[in-house]
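Engineer: Return atomic coordinates for the entry below.
(chains A, B, C and D)
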2 protein chains.
Amino acid sequence: MDTPKSKNITIKNIKKGINVKTIAELANVSPVTVSRILRGKNKRITKTTEKIKSIAQQLGYKKNLIARSLKTGKSWSIGVLISEINSSFFPEIIDGIESVLYKKGYGMILANTHENPEIEAQGLHNFVSRQVNGIIISPIIDNINEQYFWELKQREIPLVVIDRKYPFVQCDFVGVEDKLGAKNGVNYLIKSGHIKIGMLTGPLNSYTGKERLEGYKEALMENGIEFKKRYIVEGSYVNLINIGIEKGKELIQKSPDITAIFCGTDETAIGVIKYLKKIGKKIPEDISILGFGDLPIATMVEPQLTTIKQPLYEIGKQAALLLCEKIEETNKNEKQTILLKTELIIRESTKKIINSSIK
Amino acid sequence: MDTPKSKNITIKNIKKGINVKTIAELANVSPVTVSRILRGKNKRITKTTEKIKSIAQQLGYKKNLIARSLKTGKSWSIGVLISEINSSFFPEIIDGIESVLYKKGYGMILANTHENPEIEAQGLHNFVSRQVNGIIISPIIDNINEQYFWELKQREIPLVVIDRKYPFVQCDFVGVEDKLGAKNGVNYLIKSGHIKIGMLTGPLNSYTGKERLEGYKEALMENGIEFKKRYIVEGSYVNLINIGIEKGKELIQKSPDITAIFCGTDETAIGVIKYLKKIGKKIPEDISILGFGDLPIATMVEPQLTTIKQPLYEIGKQAALLLCEKIEETNKNEKQTILLKTELIIRESTKKIINSSIK
DNA sequence: TTGTATGCGTTATCAT
DNA sequence: ATGATAACGCATACAA
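Structural biologist: The predicted structure is shown next:
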């Protein structure tokens, strides 16, 4: 290895201030040459090539991505804005997102809105300030930050929306077939002999809440079953277990005749089961329970939950892939909607009934 | 509002290229003045102050944090490196971290090692490249990236380790009183009359796995109960439910006489319960089960889990606060270790026994 | 292949 | 309070 000729490089520089200039001085070449060689822009390997690589290695040189970003206009970072990291829903999506971004070399800046519109606005603002090359967002339910989407468009920052489709703006979207999934699930209940089927919906000001209710309605309609409002109770997406307990109670008291309940999420389903057990009902013997999501807990509880599986990891992966295509401009399509398939997972919380009045 | 005098600002500039220079030209001042005013460095409010703020507002100017970082040497970003985002453990910690960082104005760059040492090394490398001002890390179990810690020290990048203490390097650490928590839990079992207490440990090459086993041993010792190797089975930190089922079986077959099992995590506890139920055992009547963690699932399963609560959100919060102190140099202390208190949460999976041979 | 000149957007410094 | 100059670290364009 070369012993670099003594120059006026201070200890301090060696410890934390190693840059192309430092290396250039030590190697007696210009900074540009160092930059080129370290980026592999020179094809032939010469003495200088090796010398410079060796020095960089010894000094622990790491490229300054901030400086590179400023020069090249590409930050290699992606903003991910979700509503609640501390949930059983988003972490798997983030895992999927990160798996793609990591491979492509993008860094992920994560922010959490807690369903607060001001924080959402601030988060998007920060992303712009940080010059992100793209954004993945799961908008808050009461999406009132419409102007921000427009602004991102003006700045030509690609945006992919996940989970909750934004109703008023055309955008790239990745989600699941909420409506069809719900419909298939309820169809299964109907085929199992259930007619009086209750539903504990998600919040009906949310995309997924509405879609899943639609699916429920469609399944009833296609089977000639009348839709009754008293079989419906609206839930929310916070404090899910307790919502399940409360609203499950409300539903049963309003409509004690139901033989099955379709719940908008696995967690509310678990809450409902908790309540039903408490009042002495047996699941699925007395009442069948159908969840939505297939979260890990679905197999931990008893009875194990029959539910509609959402491919969370895949949502994240597809969203990140789509975003990268938009960034790299390899995908010139107009705004597109990717709906991933759901899958009905039949476990223990649902049961066929035979003595149905119609059957 | 001022109508800015017509200058040669193109539409394209207005859309995405608004910077201090653009605003300066429109306001007939120098870029420096714009910069100062937008940063609030001028105390007196003059016509120009308002004029510039108004123009910036109208044009949707957002500061370029990349450029500012390069100039000021402060990136306002923090790297967070964890082993598995898709778990019931880290998301809450991240929530705690983010709550602090958001308030202070730092962005969070998140990366996921999946317990892979190469990805961990790469992740730290990326953080350095991105000029992060600090790092929070939960190291992989077989921590072989020791040189990286040294390198970060050389670069004077503050580092806070969470959850898994790094054994060979002195570092700032935030975790919980694993040993004491485990000891208190096992003490509770002993006070409830249990003597033959099995343990399904975490991986014993991990800090937490070792500490919790230590706590178990100490509790036995202090109560004059002999430690028996055949009461111990080693688990891992992946695929936890199945590990619980498998290793629970192994433990019961090895030592059918045990009346209680202390599990290294809530999830393995749930796995163990699953297995025990399958072979017809009743919980807690036949065997008491004690978990560790108090994850949300602890109250969803049946019986609800008696467990040792780890304050996850608080771990994240304290780690972020400590990191910020180190960055802002308001905390000049040597490397410090913060151990948060655990809490024994008594629920339904444990029971007193009376016909103990000693009692 | 190598080097010179220049600029990315911002701010620190020094002067006015 | 304002402005002129320079610099952060890197990479592009052009010339040699």
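Engineer: which stretch of helix or strand covers the closest residue to DNA strand C within the stretch 201-350 of chain A?
Structural biologist: Closest to DNA strand C within the stretch 201-350 of chain A is residue A:327: 18.2 Å, counting by C-beta to the nearest atom of the strand. For the C-beta atoms, the positions are set from N, CA and C on the backbone; glycine is no exception. Here residue A:327 sits within helix A:312-328, counting by DSSP states H and E.
Engineer: Against residue A:130, how distant is the residue in the stretch 1-150 of chain A positioned nearest to DNA strand D?
Structural biologist: Per C-beta to the nearest atom of the strand, residue A:19 is where the stretch 1-150 of chain A lies closest to DNA strand D, at 2.9 Å. Counting by C-beta to C-beta, to the nearest Å, the separation of residue A:19 from residue A:130 is 22 Å.
Engineer: Leaving out sequence neighbours, find the closest residue to the most centrally placed residue in chain A.
Structural biologist: Taking C-alpha atoms, centre = their mean as the criterion, residue A:93 is the residue nearest the geometric centre of chain A, at 3.9 Å. Spatial nearest neighbour of residue A:93, excluding adjacent residues (C-beta to C-beta, 6 or more residues apart in numbering or on different chains): residue A:316 at 3.9 Å.
Engineer: can you map out the strands along the stretch 1-150 of chain A?
Structural biologist: A:77-82, A:107-112, A:134-137 (DSSP state E, counting those that start in this stretch).
Engineer: Make TSV out of the ones you listed and add distance to DNA strand D, mean pLDDT and mean neighbour count.
Structural biologist: Below are the strands of the stretch 1-150 of chain A laid out as TSV (distance: least, C-beta to the nearest atom of the strand, whole Å; pLDDT from 0 to 100; neighbours: other C-beta atoms under 10 Å in any protein chain shown):
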stretch	distance to DNA strand D	mean pLDDT	mean neighbour count
strand A:77-82	15	98	26
strand A:107-112	15	98	24
strand A:134-137	19	98	26
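Engineer: hang on, the earlier thing: and the residue of the stretch 201-350 of chain A closest to DNA strand C, how many residues sit next to it?
Structural biologist: Neighbour count of residue A:327, defined by other C-beta atoms under 10 Å in any protein chain shown: 19.
Engineer: In this structure the residue nearest to residue A:93 contacts residue A:101, no?
Structural biologist: No: under the criterion of C-beta atoms under 8 Å, residue A:316 makes no contact with residue A:101, lying 9.6 Å away.
Engineer: Could you tell me which residues of the stretch 1-150 of chain A lie near DNA strand C?
Structural biologist: A:28-33, A:36-37, A:42-44, A:46, A:48-49, A:67, A:70-71, A:73 (C-beta under 7 Å from any atom of the strand).
Engineer: contacts with chain B among those residues, please.
Structural biologist: A:67, A:70 (C-beta under 8 Å from any C-beta of the partner chain).
Engineer: Is it possible to mark the buried ones in the residues of the stretch 1-150 of chain A next to DNA strand C?
Structural biologist: With burial judged by 16 or more other C-beta atoms under 10 Å in any protein chain shown, the buried subset of these is A:29, A:33, A:36-37, A:49, A:67, A:70.
Engineer: Residue A:64 is in contact with the residue of the stretch 1-150 of chain A closest to DNA strand D, correct?
Structural biologist: Yes: judged on C-beta under 8 Å, residue A:19 makes contact with residue A:64 at a distance of 6.7 Å.
Engineer: In contact with residue A:275, which residues are there?
Structural biologist: A:244-245, A:248-249, A:252 (C-beta atoms under 8 Å, 6 or more residues apart in numbering or on different chains).
Engineer: cool, residue A:48 as well?
Structural biologist: Counted by C-beta under 8 Å, 6+ apart, residue A:48 has contacts A:27, A:29, A:33, A:37.
Engineer: if we can go back for a sec, can you pick out the most distant pair from the buried ones among the residues of the stretch 1-150 of chain A next to DNA strand C?
Structural biologist: A:49 and A:70 (26.6 Å; C-beta to C-beta).
Engineer: Next secondary structure after the helix or strand harbouring residue A:267?
Structural biologist: Taking DSSP H and E as the criterion, residue A:267 maps to helix A:266-278. Downstream of helix A:266-278, the first helix or strand assigned by DSSP H and E is strand A:288-293.
Engineer: That next one near chain B anywhere?
Structural biologist: No: on the criterion C-beta under 8 Å from any C-beta, strand A:288-293 is out of touch with chain B, staying 12.2 Å away.
Engineer: For that strand, enumerate the helices and strands it packs against.
Structural biologist: helix A:178-191, strand A:260-263, helix A:266-278, strand A:306-309 (3 or more C-beta pairs under 8 Å, 6 or more residues apart in numbering or on different chains; DSSP states H and E).
Engineer: please redo it, this time with the cut-off set to 6 Å
Structural biologist: Judged by 3 or more C-beta pairs under 6 Å, 6 or more residues apart in numbering or on different chains; DSSP states H and E, strand A:288-293 is in contact with strand A:260-263, helix A:266-278, strand A:306-309.
Engineer: Can you lay out those as TSV showing distance to residue B:199?
Structural biologist: Output for these, formatted as TSV (distance: least, C-beta to C-beta, whole Å):
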stretch	distance to residue B:199
strand A:260-263	37
helix A:266-278	29
strand A:306-309	33
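Engineer: among these, which is the most enclosed?
Structural biologist: Highest mean neighbour count among these (mean count of other C-beta atoms under 10 Å in any protein chain shown): strand A:260-263, with a mean of 30.
Engineer: how about that one against chain B, any contact?
Structural biologist: No: Strand A:260-263 is not in contact with chain B by C-beta under 6 Å from any C-beta of the partner chain; minimum separation 13.7 Å.
Engineer: who does that strand pair up with?
Structural biologist: Here strand A:260-263 is paired, per DSSP bridges, with strand A:197-201 (parallel), strand A:288-293 (parallel).
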